[in-house]
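**Q** quick one: sequence and predicted model below, then my questions.
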Amino acid sequence: MRVIAGDKKGLILKTLDGGDIVRPTTDKVKEAVFSSVQFELEHCTFLDLFAGSGQMGIEALSRGAKTAFFVDENRKSIAVCKENLTRAGYIGSGAVVIHSDCRSFLCSVDDKFDIAFLDPPYGKELINSVLPMVTQVVKPGGTIICESSVDEQLPEEAGGFSVDRIRRYGKIKITYYTQNQN
């Protein structure tokens with residue numbers, strides 16, 4: 001796993017062993033996601049919810065995000081995330097690492113995000129349960145991006161956001177939500 005573009009391009013990142021629990025986003029999917037939001041990244045505030053190794057938030061910082069929040073409830077994931085952020089030189093410089101379950105974080109955070117990326121463990125319907133909460137912490141005009149298995153049914157709408165587009169990459173589905181226009 002590596003940073004694929006930006007000022008940290010080529011940096012090798014550590015990942016966790018974990019089989020079904022840990023499933024890093026592939027380079028192909030990561031490139032597609034970041035290509036789709038490339039003009040929104042500069043100086044944005046990025047949320048990497050279910051951060052795991054932190055690779056998506058690190059990619060956002062490498063491509064010009066001002067700040068990235070890394071949230072995960074697994075202690076081992078947080079440790080690997082911090083190690084990767086240290087290797088990238090982002091500790092104390094744009095990275096905010098939070099060891100918390102997603103619901104507690106979403107209920108307590110005061111910050112608002114331009115882009116939120118959700119990649120929870122597959123098959124637990126976590127996106128369905130937390131998406132309404134995520135919509136409350138995304139700025140007007142922001143984007144919510146959800147990674148799931150292709151067979152997982154995600155809601156068409158939540159909290160004033162609706163599906164903008166869906167892309168499939170083998171067994172992975174990326175769903176983009178944008179704010180409804182009234």
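**A** Ah, there it is.
**Q** quick one: what helix or strand has residue 129 in it?
**A** For residue 129, the host element (DSSP states H and E) is helix 126-135.
**Q** what residues sit buried inside that helix?
**A** Across helix 126-135, burial judged by 16 or more other CB atoms under 10 Å covers 126, 127, 130, 131, 133, 134, 135. To be clear about C-beta, it is placed using only N, CA and C from the backbone, and glycine gets the same treatment.
**Q** contact partners for the closest residue to the last one other than its chain neighbours?
**A** Counting by CB to CB, 6 or more residues apart in numbering, the nearest residue to residue 135 once its immediate chain neighbours are dropped is residue 159, at 3.0 Å. Applying CB atoms under 8 Å, 6 or more residues apart in numbering to residue 159 gives the contacts 131, 132, 134, 135, 136.
**Q** try 10 Å
**A** By CB atoms under 10 Å, 6 or more residues apart in numbering, residue 159 lies in contact with 131, 132, 133, 134, 135, 136, 137, 138, 144, 177, 179, 180.
**Q** can you redo the buried residues of helix 126-135 as CSV with distance to residue 90 and pLDDT?
**A** Compiled in CSV, the buried residues of helix 126-135 are given as follows (distance: CB to CB, whole Å; pLDDT from 0 to 100):
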residue, distance to residue 90, pLDDT
126, 26, 89
127, 26, 93
130, 25, 96
131, 27, 96
133, 26, 97
134, 23, 98
135, 27, 97
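**Q** output those residues as a markdown table; include the columns distance to residue 96.
**A** Output for the buried residues of helix 126-135, formatted as a markdown table (distance: CB to CB, whole Å):
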| residue | distance to residue 96 |
| --- | --- |
| 126 | 21 |
| 127 | 22 |
| 130 | 19 |
| 131 | 22 |
| 133 | 18 |
| 134 | 16 |
| 135 | 20 |
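**Q** now, which of these sits nearest residue 111?
**A** residue 134 (12.6 Å; CB to CB).
**Q** isn't that closest one up against residue 144?
**A** Yes. The pair formed by residue 134 and residue 144 meets the contact definition of CB atoms under 10 Å, at 5.8 Å.
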